[in-house]
Every structure is written in C-alpha cells, then in structure tokens.
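**Q** Requesting a structural model of the entry that follows:
(chains A, B, C and D)
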There are 4 protein chains.
Amino acid sequence: MTNEINVAIIGQRFMGRAHANAYRQVRAFFDPPLSPRLRLACGRNETALTEFARRFGWEEHSTDWHNAVSRDDIDLIDICSANDLHAEIAIQAARAGKAVFCEKPLGRDLSEARRMLAAVEEAEVPHMICFNNRFYPAIRLAKKLIADGAIGEVRQFHALYLQDWGLDPNIPFTWRFDKDKAGSGALGDTAVHITDLARFLVGEITEVVGDLSTFIKERPLTDGSGTGRVTVDDAAAFLARFENGASGVFETTRVATGRKNFMHIEVNGTKGSIYWNPEDLNVLWFYSLDDPKETRGFRRILVTEPDHPYVENWWPPGHILGYEHSFVHAVYELLTAIAEGRNPEPSFHDGVKAQAVLEAVARSVETRAWVPVEG
Amino acid sequence: MTNEINVAIIGQRFMGRAHANAYRQVRAFFDPPLSPRLRLACGRNETALTEFARRFGWEEHSTDWHNAVSRDDIDLIDICSANDLHAEIAIQAARAGKAVFCEKPLGRDLSEARRMLAAVEEAEVPHMICFNNRFYPAIRLAKKLIADGAIGEVRQFHALYLQDWGLDPNIPFTWRFDKDKAGSGALGDTAVHITDLARFLVGEITEVVGDLSTFIKERPLTDGSGTGRVTVDDAAAFLARFENGASGVFETTRVATGRKNFMHIEVNGTKGSIYWNPEDLNVLWFYSLDDPKETRGFRRILVTEPDHPYVENWWPPGHILGYEHSFVHAVYELLTAIAEGRNPEPSFHDGVKAQAVLEAVARSVETRAWVPVEG
Amino acid sequence: MTNEINVAIIGQRFMGRAHANAYRQVRAFFDPPLSPRLRLACGRNETALTEFARRFGWEEHSTDWHNAVSRDDIDLIDICSANDLHAEIAIQAARAGKAVFCEKPLGRDLSEARRMLAAVEEAEVPHMICFNNRFYPAIRLAKKLIADGAIGEVRQFHALYLQDWGLDPNIPFTWRFDKDKAGSGALGDTAVHITDLARFLVGEITEVVGDLSTFIKERPLTDGSGTGRVTVDDAAAFLARFENGASGVFETTRVATGRKNFMHIEVNGTKGSIYWNPEDLNVLWFYSLDDPKETRGFRRILVTEPDHPYVENWWPPGHILGYEHSFVHAVYELLTAIAEGRNPEPSFHDGVKAQAVLEAVARSVETRAWVPVEG
Amino acid sequence: MTNEINVAIIGQRFMGRAHANAYRQVRAFFDPPLSPRLRLACGRNETALTEFARRFGWEEHSTDWHNAVSRDDIDLIDICSANDLHAEIAIQAARAGKAVFCEKPLGRDLSEARRMLAAVEEAEVPHMICFNNRFYPAIRLAKKLIADGAIGEVRQFHALYLQDWGLDPNIPFTWRFDKDKAGSGALGDTAVHITDLARFLVGEITEVVGDLSTFIKERPLTDGSGTGRVTVDDAAAFLARFENGASGVFETTRVATGRKNFMHIEVNGTKGSIYWNPEDLNVLWFYSLDDPKETRGFRRILVTEPDHPYVENWWPPGHILGYEHSFVHAVYELLTAIAEGRNPEPSFHDGVKAQAVLEAVARSVETRAWVPVEG
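**A** Got it, this is the predicted structure:
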C-alpha cells in the first residue's frame, strides 16, 4: 500500500453514489493521509454501472463483484449492495486481506453480522460500518458535549425517526420488502440508525421490548405478474434500558405521511439536554443548567463555525452542509484510521452491537415480552 | 336548579385556580345556558383558602370539604384536591345528587376510578373529567379534521410529553411522590393526558407494554426530619395497539432537563398527518396528500381564526390564547351539557378508560410483557 | 379615593373587551394596591353595550360618554373609542380631574397628541397610554437584559410587523380607513407599536425617512350605497436613526397574505442580540457572546418561569400566557403607579414621542427625504 | 470548442473553492452538454494556489491572471478575485473572445459594471454573474410559484440579510473594508444578493432611499503597523418601489451579533405569500388563499422531492442539500446555455441592474432623499 489506497465499490445506487462522492470530495476538502484511487465499480445493471463509473471516475467496472475481491490491486472493498450480499462480500473480502467498509445494517440478521465480524477479525483487516449520522458536525459536537459532562449523567434517550417513502401501496415489491433479502424493514433500515446513535451518545442497551407493524401487506411485483407479500415491517418501535441505567424510547416508520427524513433525537441528562433533526442537520439544540436561571433555554447552535467538528474544511459560518457531507467525513476517518494502523470507528463490532439490539426487538415481538440484548 | 348553577370547589392550588378562573371567564366570553355561581371553596389551608376565595369571588369557604357535599344549595362539585381524595369526594357528591367535575386522573387506580364511575351512574348525576387538552382550539380542529377524514385512516400515534419540574432532588417529598396518595407519578399525572388525547383522536387502546423509571429515589421531607422514599415514577413509557389497528408510542417524564411543558403529539394517517405542542398551543401542523405534489408540506395553522373552534369568542386572528383558556372551554361544555340534559364529555367513562390503560401499563411493568387493557 | 378606584370605560369593542377583562383579572391574579370597581361603560351601540356591561360586570352603562367625564364618582377614564374621540375625551377627563388611560395611538396626529399631553399635565392627573406589548413577560425580560448590558451597546433595530386583516377588498369602509377619523392606517395602528417598542428597548429616534402604500383604494360603504375612498395607508415602512447612534428599520402592513400578528422584532448589540414574535409571545430569543464559543446560539427562552416578570402570579413553567395577559399587567402597573403617587409608564409623553416619529414619517413621505423627528 | 470547455479560474479563496467544486460536481450529478476541463488556476499566493490546484484538479496554475486571458486554449474565464480586479479581467477576457463567469458584485461601482457589460456585448461572448441564491431548489420553486400566479399579484417584498462576521473589531483591515478595492461594504457584498433576489422574484426597482452605517471605523492593519480607516459600510438598509407597484424593504448587516447567514426574505401577493432563509435553505414556506379556510397556514415545503428543481439529480426526499449545491446548479445552467448558444442567466445585464440599485442607494445616502434607479 502506497500513499494511494485502491478502492472497489459494490453497488451503484443511492449508497453507491453517496460513497463514490465521498471518495472524490475528501481529497478536495480534507487532507487524508491516504488518497483513494477509484479503481473498480461493481453492480448488476451494466448500463447504470457504466454511467456510474463515468460520473464518479471509476477506472474500471464489472458486473461481477467477485472481481473486486479476487484482484490483487484492490485494497479496500466498499459494500453498498443490497443487504443479502453484505455478508458474502465482506467475508470474502476479508479472506482476501482487504479492508472492508460496509453499509448498514451489517448483515440481514445478527448471526450474519457476527460471521462478518469474525471474518474481519480473523483476517485482521480494517473494518468499518457506515453509520453516517455519527459524522455530522452537530452529532460530533453532541458527542463531545456529552463526553465533557455538559449535560451531566444521561437519564433518558428518545428517538423518533419518521419517513414516508413506503406510503404509496403502488411502490413495487423490491428486495427491501422481502425479509429473505433485507432481513427486516424499517427495523434494519432506519431503526438501526437511531440504535447506533443511542449507543454512540449514551451507551450499551441491555434490554428491549418492541413492536413491529406492517400496514401494507401486498405490493405489486415489478414484472406486473401480480403482487408480492411484504414480509418486513413498515414501522418499528421499542422501549429500552441502557447499561448505565438510562431509559430509551425508539420509533421508526416508513409510512408517516408527510415526514421525509424527520428525526427527533433527544438526550436528557442531569445537567442539560440536547436534541437534533437531520432535516435541519446543521443545528444542534442544547440546554444547560449552567446558564443563568433567567436566560436558560435551548440554544439553537448553528454548527457551522470553524471550531466545530469538520467545519473548517468547508465554508464560512452560516453556510450549511448537506446530507452527503457526512459520508465525506466518514471516509476521511476511515482513511485516517487505516493509515495510522488503527481500526476505524464505528467498526463491525458496532454493527454487531446494533444488530443485537434489533434482533432482541424482533425476539421480543415473538415473545411479547422484554428480552435481554445478547452481549 | 335555576338559570344559575351553584358551584363548590375543593382544592385551591394550581388546578383550583385554573377552574375558578374558568367559571369567572366563561360568563364574560361565552354564553353558557347556566351561569355558575361561586358559592363555596374548600381547602385545608385556611389562610390560602381565604385569599383564594377573595381573589376569585367565592362567596364562602370552608376547611372541611364535607360541607360542600352536605349542603343543599350546591349543584356542582368541582374536585381539584390531591388525588387521594378524588374518589371519596366524588362518590359522596354523587350520592348527594350533585353534578361532579373532577380533575385527572380520575382515581389513584383503576378500581377507584371504577367505583367513582359506578357512583355517578347509580346516582344519575352529570359527571365530567377535566382533560383540558381536549379543549384547545387546535386539538378541537385536529379532532374535526380526523373525523372528516382529512388524514385518512389513522395508522400511527406518537406522543412525547416532557417536563422537568421534578429535576431538582431538593424538591420536597409531597403527596405527588407518594404512591399511596398519588397512585402513580408521571404515569397518572402526565401520561394520562396523552392517553386521553390518543383515545380522543385515534380510538381505544387494547394492549400495552411499558416501562417506569424512578431516577430520584429519596426526597427531603417538608418538616426537615429526613427524607421520604419516592414510590412513584419520574418517567413512564409504553407501546400500544389500538382497536383500529393503529400503533402507538407514549412517553412522559418529569426530569427532561430544559423541557417545561413540551409535547410532541403526532397522528399519521393514510392521507395526511397532524402534530401539536402545548408550548405553542395555538398552532396545529397539518399535512395533506390532497395538496398539489409540488407544494406539499406541513402547514402551520395558527388556530386563531373566527371559524376555528371557540376562537370567535375571544380575540381577532393572530392574538393567541394561553393555557387557562382550555379550562374556560371545558367549563363551557360542562355547563352546556348539564343545561341540555346530556352528560358532558369527557365523562368518568373516559376517566376510567384512560386509567385502564395506565393500569395495564403498570401491570405490564410487573409482568415484563404486553398485557391487554381491561375493557 | 379609597382602596377602590372607580373606572369608566368608553368603547366596548376589541379594546374595550381587552381592558374590561384586565380590570377583572388583575384582582384575581395580582395584588394591586387599588381595586378597580367597574362603574360605567360607555358606547354608541346600546344593544352591544348592554351585553358588554353584563358580561364584564359594569354596574351601569351609557350611550353618552360625557356622562363618564361629568360624574363625580368616576376616578379613572379608560379610552377605547375610535381614534377621533381620543383627544376630546382625554382632555375633558383631565379637566374633570380624572386619571386617563388611553389606547394607542394617542391622537390622530401629533398636534392632537400634544394637546392631550398638555391637558393631563396641566390638570396634574395620572395618564397612561396602553402600549400593551411592553407588558409581555418576554418583552419585560428583553428590557431587563438590555438594561443590564447583556447585549452590550445597541447598534441595530429591525421590526417587521405583518398582518393581513385588510386583505379582502370587500372589507367595508369603516373609520379605520378614513384619515379624518383614524389619522392614519397601518402607521398609527401597528407601526405605532413597533415604534414604541423601539423607544422602550433602544431609545429616542431622531430622524426618519419612510414610505406609505395604499393597495386597496376603494372599499364598499356599509350602507351599500357605493364605495368609500381609502385615505389611509395599508402598509408603512421607514428607516430611522436613534439618538444613541443605532440604526433602525421598521415595516408594517395589513395586507401581508397569511400573516396574522407576525412580528420579527430584533435588537443587535455589541455583545448579543434578542428577537421576539407575538405569535409565539412566551418565547424570547437571546444570543450572548458570553457563552462558550463552541455552544453559542440563540436561546429559546420560554419566559414562563416564576422568576420571569409577572409569571409567578399565573401558572407553573411551560403553561403559556396569551395576548390578553399583557393588558392585565398594564392595568396592574397603572393601578400601582396611581396608588403610589407616581405617573404610570408609558405615559402620554410616550404617546407623543411615538406619534412624533410617525408624523415625521408622514412628512418624509411628502418631502421624499429624511426628516428630523420633532423633539 | 469541443464537447469539453476549458476553464481558467482567477481567485482561490472562498469563492474560488465554491466554483472549483461546482465544476467537479456538475459532471458527477448532472449531464451538462459541455464538460468542464479545469485547465488553469490563477491567484496571487503561490503556496495556497498550488494546494488549491492539487485539491480540485486544476491542471496548471499561475500567479499572473493575464495568462488566463492570453492563452488560446481557455474558453471560459471564471472571476473569483477581489472586486477591484473584476472589471479589468472581464474586459480583457471578453476582448480575447472568452466566455466570462463573474462573482458578484459585477464591478466596484455602476460605471465599472457598465463597462464590463459593454465589453462582453461588444465581444459577443457569453457572460454570467454568479448570483448563487437563484439556484437553490427552494428559490427556483418560489420563482415558479410566483410565475404561475400562485401568490397572485406581488405587493410587498421584505428582506433582512443578517450576518455577524464583521463584529470583532480585531478583524484585520483587508480589501473588503477599503472602498477603493471593494467599492462598498455590506451593500455590494450582501445587499446585492437580496437586490438580485428581489429582481428575480418581483421585478425591476425604480426608486430607493437608503441608509449606510459604519460602526467599526478603524481596523488593525495586517502588518501590525497600526490601523486602517474603514471606508465601507457595515450595514445597509433601503426602501424601494418596484416598477409593478410593489414596495420593498431591504436590510443587510455584517454586525448582527449571533446571525451567521440569516435571511428573512418574504414576498406577499394578493393570493399568497412565500418566505425563505438560507440557514434552512431546503425549506420554502408558502401560504395560499386557495387552501380551505379552516386549514390555511404557511406550508413548510421541504424542497427535496424528485419533482422539485434540480433535486432528482441528488438524493432521495428529506436528504438535504447545502450551500455549495447552488454553485453546482449555476455552473450547470452556465454550461447548458453556452452549449445551446443562449446567453446564460443571470447575465451581466442583471449584474448592472443590481448595481444600479445599489448605486442609487449610495446616491440617496448623499442626497438624504429618494432617488430614481438609473435605467
């Protein structure tokens, strides 16, 4: 490995584009110790793949992802495929000695996720899961404030994560609605985000009880031959207990009419509170009992100042960042950790931990009772 | 009973003042068919009671609430006492043939609430529980929109209700922290509000699973003789299933630092959504799929127009109402229903129904599992 | 004058109701050293007046306001009439030795306002103008913060005050659209509010240049006999210089579609800023350079804490106040000042000062140039 | 000119980076008919320039901007230099037959701007000014709504544009504070943005009266040799009349403590209104009288849907865009217009028109009176 790191990506849709953009942008705005070289893009649809490669500057492309794993000149495999390929690709990549960067959720279920973790650990390759929310400046600042004790001891965590993209019953039956391919629905897709944020900001979750809802039970097949039965959840909710005694409420849905990417994530501590919403992602709200009594109130911190995390590399105060920037920051951390011989964060450990929570939620739905999260 | 209705109130603190104010204001701004005459105020602290009576114009006062029940010239008993007296007062009042208006929660527990309901039904006296949130113009409009089908079929209900008045561990050990007197903590005090709103806007709840937290376990006794053990919850959360298939998430707390009377109550239907917060109570947010695609968005409806519920009786558009106005509207409905020979809404039935939900939550905390709500 | 003060009110519409309510409520929630006795209500429409008197408890009523002035048993004349009667009533009331409480604007023009001031000063009677915005807890807190130096030296003042009640061209031609009766349109009606707030929070205005717009030039006469020519402004805007070197921008309109009572009032100082909007009147936004750099942001202060101005007399934290409460506070200050032998604030001096600014704006519209505000 | 267009940029600071990023990103997310080739970057600081070229992929760099103009293999000159070089570069570029893309303000004053326009017109080269705000999806949607008549006839325009980057008196005396180099202060820097938005959304401005303020009159020289006298404005405000009868209020400042890039831009029409703020730039607020009376309210349109302008090329609904995206869209329009043989919009005509307004403001400050905007 030289100063360059050779990247192969698998998947060229939403996540593929977000990752590809990140590799390009990180060189323009940051100084990562390794410069990503975009060697190979893999995907199933050749036409779309060709265009994807051209747009983002991938040197080569292939409709067979095994090429990415088998080639010697690839250092890092970036997995943006459908969920049902995550495990197979990651494990083969690890065995081939490549660093692995994987989209969430890690596997379709906990056991898959664990096998993936075992593989990267056995192979001693760097591994990272892309929980992009951790890399927003506002969330980074929240983490710092909590770590600094600015809100005291955390007592409560609340997260609503509401979207409505699944609302239309005419949305076709894709892999996302098929439990075999996706593992789960909103649970793995969006609850996993708030679960990771909870772990990042508060700590480990030990027990849960949850509920899953499927409101639209059939969706049209893409080939027009009828409908497919939806085997995943449209919405998921659960109560949780954290190791440190805090309590948590989690909810996510794909059918909250009018909600696009709304999150109300709030952490209450003994000395203060914070909350955040990715639809206004540059803003962190912060309340502190240290403020004079008369003027206490939630502060709308526009996290666009040079001394806020990652901001100095971008624009002057008040010029807001968007969704895609979180991926640039994630890639920056990935490259830096690899160059420094550390494993990046969040790692597959974090992927497994989050999935253990979701798996416990799913079990609790079966047992209709609280269940412990497996260690 | 003439055109006047003779009122006795029991309790002269926060709720007593809110109710007393309502009786006075209703005559100035509305035309209730019965005019409340403020005959008797009861409370334990004579000094405070005397002042209360003077301020709000109660003709007489007494430190013994039994007087209210035993006097013939009282038509309506308004119960604003601590929770542990609700049942006794209500039952005696009913037996004495008086109309009863009771603060929430109805009783300390479900069985008390049921006895209260039985008493008023047996006595065939009018009965109402003061779920004041139902009487905000914005909530009234929400109810109307939902009833009109404006958001379609309801699928999801979310309610966070966050306060922080219990945050300071030096707040003394009053009846509110004693299970024997209060019945429960945040559960009965604030979760009952969102439970009632859920029933009002969505329908009956059939199953729940919940969690209760007590973060501050001892509080100083008021006489300085040491501390009392807190036997109620600081925070309560539960998942719910509605009869109509909707799912719900409920959470309330007294220790969410910085939150004063924050509620995020949201209802998502197949065609639209609404949400509301009593800290900005004149505003209802409404999203409709009927809007043109290009300009869809949550509308900030400032519910201060003459054709909005109750508004015409107050001020011109844009001149906002406050917390206390909800009680004026509640009293207006109470008086109107009595005059018209109907039982007012919400009645003790609603009080029982809400309490059945909370009781199920409490049971689920014991069993650590979902439990059905008793019918 | 005993412990009671005998009040006569002239006018029973929007402002009459707001004032009448204030006299009643002030006794229930505050301890004014003088107790207002509602002796006489005057108005032109006997039916409406009778109802008004009944609702708010005025002992007597009369369709001839001269009765209020001529009777010996009246101590305080409260002027809520149309603008064209303000001067005559106030001057006669003063000559009759009565305290005078007058709605804004003081007179129809500066000269009228000055005559009113001269009259009350010559008669040495207490005089107050009802700039109700000064009495919101949030504005009171803003004043205190500025006085305490919390935002440093004030440099800039911005005020947009947008309403749309004049939008419909079918709104009939009432006195408000007739310059002879109203003096001016939005200028005297709503610009006067932000002018007074500017003086209250920042200081005296020395120079202005402005613009007036009349978009709807004819309105239907109420008797159906045709249309009347609108001789007042629908919208007013002006730039200003303050004595202390600050600069100001003011704008108000009655035809800003969708705006009900929207105000963006902002004060920027060398160390901080504040802003406020009466549609969310319990909230004051405050920014301070004293905050740690990392967490600076505008604080949403929910001005409902017991140590905030006036709040302790009402409800617990988070339970919001409405529009009408500002009048209760104003009346409380009026009664307190009279009892203490001080002249209340804001006085007719403030009414004149505000009107001098508006008059300068009107002159600048004629001259198309900056003009000094008369001292 | 082939399918590629050879670009030279002059300036490598804030604007240079924003433009350079746009050329790179436009190829990844859009399909411009011309592909920008980043040939030459010019700037005075060789170290910074070298880094800039490396980061963004400029093939060559030079500390002498004349190279950009004199080389035959450059098709497009992009001017991101300090304001005092705009005219010279643009005129030479035009004479050399190159397309010119220039940052705002066009020149230091109106006469410079006019000379620039004359030069590009005489040379018949494509010319565009970078008013980036026009290219936000929300503003594009606002334009469309207004053009479609969704808010009826426009009557009023309000724009506050508040920043605080000039607040600290220790900020050194750079070209931005020197009238000879910058032409003006906030007037040319930020008022020019809201002036262009006003023209874009409402139409031509015919008359103005304004005010300029300089609060910090001396700033330290960068070489430590003392202080320089600030000869530009910290804040600018003006009233305006539009050709179509609408009225306008404009204000901008660099010293509004706590404000980073806050804009309240609002347009009120006879049938509706819109408003927008770049600190939350993905949101457009829209009010329509076409909505049912009961549910009228400002809609928070999250302008991130596929059928919103430019959005489909980026991310799914709810995933917000940032500041820099506006430049990508601007460059997309520039390249498309050049390829199609049209002149891009906004052109140097728009630059001149905006500057004519600002120049009129400056004149009005001298005459202390309304002045017409030169045609």
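**Q** so how far is the first residue of stretch A:197-215 from its last?
**A** Taking CA to CA, to the nearest Å, the span from the opening residue of stretch A:197-215 to its closing residue is 27 Å.
**Q** need the residues of the stretch 251-375 of chain A near chain D, please.
**A** Among all residues of the stretch 251-375 of chain A, those adjacent to chain D (criterion: CB under 8 Å from any CB of the partner chain) are A:259-262, A:278-282, A:302, A:304, A:314-325. To be clear about C-beta, it is placed using only N, CA and C from the backbone, and glycine gets the same treatment.
**Q** Apply 6 Å and report the result again.
**A** By the rule CB under 6 Å from any CB of the partner chain, the part of the stretch 251-375 of chain A lying against chain D is A:260, A:261, A:280, A:302, A:315, A:317, A:318, A:319, A:320, A:321, A:322, A:323.
**Q** Are any of those buried, and if so which?
**A** Among these, those classed as buried by 16 or more other CB atoms under 10 Å in any protein chain shown are A:260, A:261, A:280, A:302, A:315, A:317, A:318, A:319, A:320, A:321, A:322, A:323.
**Q** how about the strands of the stretch 201-350 of chain A, start to end?
**A** A:205-213, A:218-220, A:227-229, A:235-242, A:247-253, A:262-269, A:272-276, A:283-288, A:298-302 (DSSP state E, counting those that start in this stretch).
**Q** Please see if the last one touches chain C.
**A** Yes. Where contact is defined by CB under 6 Å from any CB, part of strand A:298-302 touches chain C, namely A:298, A:299, A:300, A:301.
**Q** Which is the succeeding secondary structure element to the longest helix along chain A?
**A** Secondary structure of chain A read by DSSP state H shows that its longest helix is helix A:348-367. With elements assigned by DSSP states H and E, the helix or strand that comes after helix A:348-367 is strand A:371-372.
**Q** Does anything pack onto that following strand? Which helices or strands?
**A** In terms of contact count using 3 or more CB pairs under 6 Å, 6 or more residues apart in numbering or on different chains; DSSP states H and E, strand A:371-372 is assigned the packing partners helix A:348-367.
**Q** quick one: contacts of the helix or strand bottoming out on mean pLDDT in chain A?
**A** When the helices and strands of chain A are compared on mean pLDDT, DSSP states H and E, helix A:179-182 comes out lowest with a mean of 90. Applying CB atoms under 6 Å, 6 or more residues apart in numbering or on different chains, the set of residues contacting helix A:179-182 from outside is A:83, A:84, A:175, A:176, A:231, A:232.
**Q** For the longest helix of chain A, which residues meet the burial criterion?
**A** Under the neighbour-count criterion of 16+ other CB under 10 Å, helix A:348-367 has A:348-365 buried.
**Q** and the strands of the stretch 201-350 of chain A as a markdown table, adding distance to residue D:103 and mean pLDDT?
**A** Formatted as a markdown table, the entries for those read as follows, by distance: least, CB to CB, whole Å; pLDDT from 0 to 100:
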| stretch | distance to residue D:103 | mean pLDDT |
| --- | --- | --- |
| strand A:205-213 | 51 | 98 |
| strand A:218-220 | 50 | 97 |
| strand A:227-229 | 53 | 95 |
| strand A:235-242 | 48 | 98 |
| strand A:247-253 | 43 | 98 |
| strand A:262-269 | 36 | 98 |
| strand A:272-276 | 34 | 98 |
| strand A:283-288 | 28 | 98 |
| strand A:298-302 | 24 | 98 |
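**Q** could those go into a markdown table alongside distance to residue B:329?
**A** Below are those laid out as a markdown table (distance: least, CB to CB, whole Å):
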| stretch | distance to residue B:329 |
| --- | --- |
| strand A:205-213 | 34 |
| strand A:218-220 | 45 |
| strand A:227-229 | 48 |
| strand A:235-242 | 33 |
| strand A:247-253 | 31 |
| strand A:262-269 | 29 |
| strand A:272-276 | 31 |
| strand A:283-288 | 32 |
| strand A:298-302 | 30 |
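**Q** Dump these into CSV; add distance to chain B as well.
**A** Supplementary listing: the strands of the stretch 201-350 of chain A in CSV, determined by distance: least, CB to the nearest CB, whole Å:
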stretch, distance to chain B
strand A:205-213, 5
strand A:218-220, 15
strand A:227-229, 18
strand A:235-242, 5
strand A:247-253, 5
strand A:262-269, 4
strand A:272-276, 5
strand A:283-288, 3
strand A:298-302, 6
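**Q** Appreciated, that's everything.
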